[in-house]
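Peer 1: dropping a prediction and its sequence here:
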Amino acid sequence: MDDRKYQMLVWSLQGEALDRPGMFRIKVILISLFAYLVLFALLVLLMFAAVTVFVTAGRNGHLLTTLFFASGLLAVIPLVLLTLRMFFSTLPPPEGRVVTEQEVPQLFRSISELRSRLNGPPIDHVLITNEFNAGIIQSPRFGLFGGHRNYLVLGLPLLYALSPEEMLAVTAHEYGHLAGSHGKLGAWIYRQRRTFGALHAHAHQRLGRSFVNGVFFSMIDRFAPHYNAYTFVLSRQNEYEADAVAGEITSPKAHVSALIRSSLLSSWLHENFWPKLSGQAAQHEVPPYMPYAAMRKLLAVTMDEWATSDRLRAAMKAESDVYDTHPCLRERIIAMEQQATLPTSPKTSAAETLLGKFELALAREFDEAWWSTEKMKWQSYHRNYARSMVRIEELEKNPVEMLNVMDAQELALLLLEFRSSDAAKPVLEDLLGRSGERYPKPVYYYGRLLLSEGDARGLDFLEEAMGLSPSMGNECAQTGYEWLCAKQNEGEAEIWLEKLRANFN
């Protein structure tokens, strides 16, 4: 099934799930049970075939017959072992800093009150991570045969960002999956999708080796896209139901405020905070500030940067797709019958209320871990930047037109990396205006620069660069494809890509 057909199937199933949600859930459960029955039957059949081959080969002493049955056994045994392993496979527990009730008593009191209100299962472990996220994860102890551990995972940056009421709404959303039995069903379905995926990949790799693998691959290949579509729609339905739980525990307004604040801050951290911190490596051998300690104050005092009308409008324009089970922000707000408004500055953060003084210890731990991971890369970049600045200064002592081709190309690439596109543009234009041989890198980077300015002529330079250096083909194709998708549409991007491939194949 191609992507377009898969998308159409998902959209049609979403209508069915909205019209009859209860029946749709039952339908997915029945399909999942049927799939397991088929896998069990297949496992029994494969084991029976393996035993039959083994016994027959043992009774018949003829060498050719024995070799024939042995080859059949070699085709069957890997499938048997893989299927068994999938049935007993467990999901790895989530990573994070496990916190105890003694360390963060208020957080555990909040979780206990939430569990009491929702009458849900216990939380076995509470983890704090360095991510801007939150979630409930169930990890089975015995694969298919159950025995789950429930993990509540809360990101320290998210705790810094949200108010206590907003954090309660987010936690209630996640816990709502467990209280509504979404957790066990979701974990079960996730494991089953993993099972089918692994079996599908295994059979595809051995497609031409035996008749058994061919039949097996055909079965899985026909079933998997339909099963993925049904389970995807169910998972999205669960998200709306969990949103409703969050609204009941706090208020729809508080939950929508948490959704908007999370969306705006997530983008700001990715686009502004982390790049600005990384940019400090040019001037400082050691970071002038550590990220998690800085976040404690920055998220509140930089609201004029991330809580803007333009950013909110952009977030509300995002569409749901068939790859993320979470609906888009706009659809979640509409489902809760609320209006999208900019969040206000919280009087206190959830981290202060729920973690108390322990938030400082966690920030130090995360900062030390971050620096341990980033130190080598940071200081290597700092040294490289210093050397590059010296080299740029040497090259800029002479007019660009006086530099030979190699020096001019080096200068252009250094300016692109360590200064700006504007600084590199005249050097690239001088290079490309010279007579004689053209080099692929300046051609490619000039094309990319034109595209960044909205100039479609950059596509011609990408095509030229690919012709000069076929090894840069993937880079050129990806740059042009992504630009056309953003500026025009996916259809135009596909047409251009096909034309590119036709010209160079």
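Peer 2: On my side now, so go ahead. Numbering: from 1, shown residues only.

Peer 1: so, low pLDDT: which residues of the stretch 201-350 of the chain?
Peer 2: Applying pLDDT under 70 to the stretch 201-350 of the chain flags the ranges 201-217, 219-220.

Peer 1: what about the helices in it?
Peer 2: Ranges of helices in the stretch 201-350 of the chain, per DSSP state H, counting those that start in this stretch, are 211-249, 252-268, 274-279, 291-301, 303-306, 309-317, 329-335, 350-355.

Peer 1: spatially central residue for the chain, please.
Peer 2: Closest to where the C-alpha atoms of the chain average out (C-alpha atoms, centre = their mean) is residue 324, at 8.9 Å.

Peer 1: state the phi and psi torsions of that residue.
Peer 2: phi -120, psi 120 (degrees, to the nearest 10).

Peer 1: hmm, back to that, rebuild the helices of the stretch 201-350 of the chain as a markdown table, extending it with mean neighbour count.
Peer 2: Bear in mind the C-beta positions are built from the backbone N, C-alpha and C, glycine included. What follows is these, written out as a markdown table (neighbours: other C-beta atoms under 10 Å):
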| stretch | mean neighbour count |
| --- | --- |
| helix 211-249 | 19 |
| helix 252-268 | 22 |
| helix 274-279 | 12 |
| helix 291-301 | 17 |
| helix 303-306 | 15 |
| helix 309-317 | 13 |
| helix 329-335 | 17 |
| helix 350-355 | 23 |
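
Peer 1: which of the ones you listed sits closest to residue 127?
Peer 2: helix 350-355 (13.0 Å; C-beta to C-beta).

Peer 1: any idea how far the helix or strand just after the closest one is from the chain center?
Peer 2: Next helix or strand after helix 350-355 toward the C-terminus (DSSP states H and E): helix 358-395. With C-alpha atoms, centre = their mean, to the nearest Å as the basis, helix 358-395 stands 25 Å off its chain's centre.

Peer 1: quick one: helix 358-395 to helix 291-301, angle?
Peer 2: 100 degrees (axes from the mean of the first three to the mean of the last three C-alpha atoms, to 10 degrees).

Peer 1: tell me the buried residues in helix 358-395?
Peer 2: Buried residues in helix 358-395, counted by 16 or more other C-beta atoms under 10 Å: 358-359, 362-363, 366-367, 370, 374, 378, 381-382, 388, 392, 395.

Peer 1: tell me which residues of the next helix or strand after that helix are tucked away?
Peer 2: For helix 358-395, the following helix or strand on the C-terminal side (DSSP H and E) is helix 405-418. By 16+ other C-beta under 10 Å, the buried positions in helix 405-418 come out as 408, 409, 410, 411, 412, 413, 414, 415, 416, 418.

Peer 1: if we can go back for a sec, distance of the residue nearest to the centre of the chain from residue 272?
Peer 2: 23 Å (C-beta to C-beta, to the nearest Å).

Peer 1: now do residue 156
Peer 2: Residue 156 is 18 Å from residue 272, by C-beta to C-beta.

Peer 1: give the contact list for residue 336.
Peer 2: 243, 244, 247, 252, 255, 256 (C-beta atoms under 8 Å, 6 or more residues apart in numbering).

Peer 1: again, but for residue 307
Peer 2: Residue 307 neighbours (C-beta under 8 Å, 6+ apart): 261, 264, 342, 343.

Peer 1: pick out the most distant pair among these.
Peer 2: It's 261 and 342 that sit farthest apart of the contacts of residue 307, by C-beta to C-beta, at 9.1 Å.

Peer 1: any chance of the contacts of residue 336 in CSV, with distance to residue 28 too?
Peer 2: Output for those, formatted as CSV (distance: C-beta to C-beta, whole Å):
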residue, distance to residue 28
243, 20
244, 19
247, 25
252, 27
255, 26
256, 28
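
Peer 1: what sits against the closest residue to residue 475 other than its chain neighbours?
Peer 2: Excluding the flanking residues, the one nearest residue 475 by C-beta to C-beta, 6 or more residues apart in numbering is residue 444, at 7.0 Å. When contacts are counted by C-beta under 8 Å, 6+ apart, residue 444 touches 461, 462, 465, 472, 475, 476, 479.

Peer 1: which one's more surrounded, residue 156 and residue 272?
Peer 2: residue 156 (24 against 13; other C-beta atoms under 10 Å).

Peer 1: right, and that one touches residue 134 too?
Peer 2: No - using C-beta atoms under 8 Å, residue 156 is not in contact with residue 134; the gap is 10.6 Å.

Peer 1: so what's the backbone phi/psi at residue 287?
Peer 2: According to degrees, to the nearest 10, residue 287 has phi -50, psi 140.

Peer 1: where's it relative to residue 365, distance?
Peer 2: Residue 287 is 16 Å from residue 365, by C-beta to C-beta.

Peer 1: show the pLDDT at the residue nearest to residue 475.
Peer 2: We have a pLDDT of 94 for residue 444.

Peer 1: check which helix or strand it maps to.
Peer 2: helix 440-452.

Peer 1: which parts of the helix or strand following that helix are buried?
Peer 2: Next along the chain after helix 440-452, taking DSSP H and E as the criterion, comes helix 458-468. The neighbour-count check on helix 458-468 (16+ other C-beta under 10 Å) flags 458, 459, 461, 462, 463, 464, 465, 466, 467, 468 as buried.

Peer 1: list the helices and strands helix 458-468 packs on?
Peer 2: helix 440-452, helix 473-487, helix 490-504 (3 or more C-beta pairs under 8 Å, 6 or more residues apart in numbering; DSSP states H and E).

Peer 1: deepest of those, which one?
Peer 2: Of the helices and strands packed on helix 458-468, the one with the most neighbours on average (mean count of other C-beta atoms under 10 Å) is helix 440-452, at a mean of 21.

Peer 1: now the angle from that helix to helix 405-418?
Peer 2: Using the same axes, to 10 degrees: helix 440-452 against helix 405-418 is 40 degrees.

Peer 1: how far is helix 440-452 from where the chain is centred?
Peer 2: So, by C-alpha atoms, centre = their mean, the centroid of helix 440-452 is 29 Å from its chain's centroid.

Peer 1: fine by me, we can end here.
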